[in-house]
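**Q** Just a sequence and a predicted model for now, questions to come.
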Amino acid sequence: MSDRPRLLPLLGTPRHGSRDAMTCLYRCGNACDHPVPNTSDNAYFGDVVNAEVSRRGVVRAGAVGALVLGFGGAAAGALAGAAPAAAAAPVPPVPPAGQPATAGRRPGSGALSFKPIPPNTLDTFVVPNGYDHAVVIRWGDPVVPGAPEFNLRRQTPAAQAKQFGYNNDFVGVLPLDKRGKRALLVVNHEYTNEDLMFPGFTSQDALSVEQVKVAMAAHGMSVVEIERVAGTGQWQVVDSGRRPYNRRVDALSSKFELTGPAAGSSFLKTAADPKGRTVIGTLNNCAGGVTPWGTVLSGEENFNQYFVGGDAAPESEKARLARYGISTTARYPSGSRKWDRAAERFDLAKHPNEANRHGWVVEIDPFDPESRPRKHTALGRFKHEGANVIVARNGHVVAYMGDDERFDYLYKFVSDKKFMKGDSWVARKHNLTLLESGTLYVAKLDQTSAGEIDGSGTLPSDGAFNGRGRWIKLVSGNRSYVDGMTAAEVLTFTRIAADKAAATKMDRPEEVEISPRTGKVYVALTNNSNRGVGSNPAPDEANPRTANRHGQILELVEDRGDNTSDAFTWSLPIVCGDPADPSTYFAGYDKTKVSPISCPDNLLFDRAGNLWISTDGNALGSNDGLFATPIEGPERGHLKQFLTVPVGAETCGPFFTDDERSVFVAVQHPGEITGATIDNPASTWPDGDYAKPGVVVTWRLDGGPVGS
């Protein structure tokens, strides 16, 4: 009998696509209800799903073992029969500043020791037997010294600017000492949901200007000092009296410096900033990455929904606005936040270049609370899910990035300068300039067995969905490689440049991660229900099924193992969905032993080389979660579900501490279900009253590494 967790029946409010309609409204401004921004005729790339999978009964008793359930935000007590907590394991030294944490990784077999948990629809946080968890910080908790205690019914912009923001996404944990006892928690705050923030909410129009400013202050990023609890894998926020690093940046008043070739160009100048080099605020920050020199990168994603006035733009400019999803036909399109009532700069009729100042990769130095965050134009402007960096063998820095939109592209940036080793002041100052100049590429994928693809998901005769690919150069420094566009144009309107370069269209490329053991690159392609529908392209080898509701994982292997190479091979090691569906694929592993997974979003590697995958918008009817699979060796494709988040929530930003005794995740938009309000919540996680986004840490009770 199979021990594979079986699917639950779909319960609750029908999803809008795979997300709830409320999430679609607030997170991306109902992007799926609008025309696809990419109307170019170059090749598409995306994986699609043939049919809705069967919906079956609850998990068989005993199929997945005992669970730890987290109620009301408190960590569950020790389980009956669970091993007692062991003494703290030795903590390896923190790598010197500027050094990738790859040395000393345990060899391991790649096998994951935890028993998978079942799919579920519980309004709680679930981890396997032998593990525990705790909420580290939640919306409204004090961040900056002097921050007031959160008062739901008396929220103010000044208070929120000092408190933990809303809807945390990316999570980074940067050590402050070599003993592994103190660290900085760096978190993105992607978007707000006013239905679930303000008592008595009725509509965006009814919000006061003060409430709009509260929402603006709840966007951005938080830097919070945390400390380990008594030698365990648990972490907590340090005492409020000693927080020298703690910081909030937001969309209301924080200043950002523009760097790179497009900075100061005519496309980025405004009346308030005639030099085109200083931007107020950061918008819709999604995923990110920690650089080898100890800074954090943050991707500005669905920034389009914050702007109005595109209908007043000259006809010559409307195509550029539309390519980025900005409405050119209505003053207040569906999903508009109407922030122009609180800050005039969001009205493009009055400030036509303001939207061009968003959609970049942001870099923040969490170790210098006085430093100004920067927006790097050399990495291009699009709907950045995030950016992850590796130091190539030749010393140049390579950043991989996805543009999270149906039928958009995968990008790579290679720095002009080389990474400088060491933690000296000179090295750090040098490395802080690495993302200011370089070469930006976009990916084009070819295939090997196009004639064998029939849309059913059946593998070609060579036993794999695979092919070759190449990186197309768009711009290098101040030199454009796109006809008719200057370097500043390519970087400011990167989507249009990639269209002209005939890049391969992909199905919502989200986070991109590089294996620290092999240098191979992995991309989470979340879904695209338009594949093969209507006039959209038919399936091909890179897109082997129709109507992609569940997504897939793409693997890239750069030629010669050189991350600066201009060519690669590609394959799909995981095609997501219910393993009982014959159109799914898990690297050839026995699918009766595999957990069902839908809508991969964020990626993470542990030191043994296992790939961890968080999900967003599970289209199989159960809560989102965190999964793991070996990606090399005989266990490759043995995917197991590690945890689930509460009702309506998304699992974001998984991140391991250096010793891997703790894994952090962001629980984003709990209870975000159509019809829910803060007065009538669909979730009461984590405190038993109303839903609050928060960051959770999970650890093994015996003190060992989380996955092994």
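**A** Arrived safely, thanks for sending.

**Q** correct me, but L639 touches F627?
**A** Yes. Counting by Cβ atoms under 8 Å, L639 does reach F627; the two are 5.5 Å apart. Where C-beta positions appear, they are placed from N, C-alpha and C, glycine not excepted.

**Q** Neighbour count: these two, which is higher?
**A** Using other Cβ atoms under 10 Å, the more surrounded residue of L639 and F627 is L639, with 28 against 25.

**Q** In this structure, what residue spans correspond to helices?
**A** With DSSP state H as the criterion, the chain has helices at 21-28, 157-160, 209-218, 315-323, 425-431, 487-492, 494-500.

**Q** Stretch 262-274: end-to-end distance?
**A** Start-to-end span of stretch 262-274 (Cα to Cα, to the nearest Å) is 14 Å.

**Q** hang on, I meant stretch 280-291
**A** 24 Å.

**Q** pLDDT on that stretch, on average?
**A** For stretch 280-291, mean pLDDT rounds to 97.

**Q** Kindly report the same for stretch 551-564.
**A** Mean predicted lDDT for stretch 551-564 stands at 96.

**Q** Pull out the buried positions in that stretch.
**A** Going by neighbour count (16 or more other Cβ atoms under 10 Å), the buried part of stretch 551-564 is 551-558, 562-564.

**Q** Adding distance to E315, write these out as JSON lines.
**A** Output for these, formatted as JSON lines (distance: Cβ to Cβ, whole Å):
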{"residue": "G551", "distance to E315": "37"}
{"residue": "Q552", "distance to E315": "39"}
{"residue": "I553", "distance to E315": "42"}
{"residue": "L554", "distance to E315": "38"}
{"residue": "E555", "distance to E315": "43"}
{"residue": "L556", "distance to E315": "40"}
{"residue": "V557", "distance to E315": "45"}
{"residue": "E558", "distance to E315": "42"}
{"residue": "D562", "distance to E315": "45"}
{"residue": "N563", "distance to E315": "42"}
{"residue": "T564", "distance to E315": "41"}
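
**Q** so what's P544 closest to, chain neighbours aside?
**A** Leaving aside its chain neighbours, P544 sits nearest to G457 (5.1 Å; criterion: Cβ to Cβ, 6 or more residues apart in numbering).

**Q** Spit out the residues that contact L639 and F627 alike.
**A** Common contact partners of L639 and F627 (Cβ atoms under 8 Å, 6 or more residues apart in numbering): 595, 597, 613.

**Q** Which strand residues bridge the second one?
**A** Beta-bridge partners recorded for I597 (DSSP bridges): G577.

**Q** which residues touch it?
**A** So I597 contacts 550, 574, 576-577, 613, 615, 627, 639, 641 (Cβ under 8 Å, 6+ apart).

**Q** which residue ranges form the strands in the stretch 101-250 of the chain?
**A** 125-128, 131-138, 168-175, 182-189, 220-228, 235-237, 247-249 (DSSP state E, counting those that start in this stretch).

**Q** With I678 as the reference, name the closest of the ones you listed.
**A** strand 131-138 (14.1 Å; Cβ to Cβ).

**Q** That closest one to strand 168-175, inter-axis angle?
**A** 110 degrees (axes from the mean of the first three to the mean of the last three Cα atoms, to 10 degrees).

**Q** And the contacts of strand 131-138?
**A** With Cβ under 8 Å, 6+ apart, strand 131-138 has contacts from 68, 70, 73-76, 78, 114, 125, 127, 164, 185, 187, 222, 224, 226, 234-237, 643, 664, 686-687, 692-701, 706.

**Q** Let's have the strands of the stretch 101-250 of the chain in a markdown table, adding distance to I514, mean neighbour count and mean pLDDT.
**A** Listed next are the strands of the stretch 101-250 of the chain as a markdown table, based on distance: least, Cβ to Cβ, whole Å; neighbours: other Cβ atoms under 10 Å; pLDDT from 0 to 100:
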| stretch | distance to I514 | mean neighbour count | mean pLDDT |
| --- | --- | --- | --- |
| strand 125-128 | 27 | 26 | 98 |
| strand 131-138 | 27 | 23 | 98 |
| strand 168-175 | 16 | 25 | 98 |
| strand 182-189 | 19 | 26 | 98 |
| strand 220-228 | 23 | 23 | 97 |
| strand 235-237 | 26 | 19 | 97 |
| strand 247-249 | 27 | 24 | 98 |
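
**Q** Quick one, which of these gets closest to K473.
**A** Here strand 168-175 is closest among the strands of the stretch 101-250 of the chain (Cβ to Cβ), at 28.6 Å.

**Q** The closest one: how far from the chain's middle?
**A** On the basis of Cα atoms, centre = their mean, to the nearest Å, strand 168-175 sits 11 Å off its chain's mean C-alpha point.

**Q** Adjacent strands (with direction) for that strand?
**A** strand 182-189 (antiparallel).

**Q** Just want the angle from the strand it pairs with to strand 220-228.
**A** Using the same axes, to 10 degrees: strand 182-189 against strand 220-228 is 150 degrees.

**Q** Now do strand 182-189 and helix 209-218, the angle between them.
**A** 130 degrees.

**Q** Just the CA atoms of strand 182-189, as CSV, please.
**A** Extracted C-alpha coordinates of strand 182-189, given in CSV (Å, rounded to 0.1, in the frame of the first residue of the first chain):
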residue,chain,number,x,y,z
ARG,A,182,22.4,36.7,17.3
ALA,A,183,21.2,37.6,13.9
LEU,A,184,19.4,40.2,11.8
LEU,A,185,16.0,39.2,10.4
VAL,A,186,15.3,41.0,7.2
VAL,A,187,11.8,40.8,5.8
ASN,A,188,9.9,42.3,2.8
HIS,A,189,6.3,43.6,3.2
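
**Q** Against G231, how distant is D20?
**A** According to Cβ to Cβ, to the nearest Å, D20 stands 41 Å off from G231.

**Q** so which of the strands of the stretch 101-250 of the chain gets nearest L445?
**A** Across those, closest to L445 is strand 168-175 (Cβ to Cβ), at 26.8 Å.

**Q** List the strands paired with the top strand by length along the chain, with their directions.
**A** Longest strand in the chain, counting residues (DSSP state E): strand 466-476. With DSSP bridges as the test, strand 466-476 is paired with strand 438-445 (antiparallel), strand 479-480 (antiparallel), strand 567-575 (antiparallel).

**Q** Go ahead and flag the most central residue of the chain.
**A** Central residue of the chain (Cα atoms, centre = their mean): A287, 3.2 Å from the mean position.

**Q** residue contacts, that residue?
**A** By Cβ under 8 Å, 6+ apart, the neighbours of A287 are 169-170, 188, 299, 385-386, 510-511, 602, 652-653.
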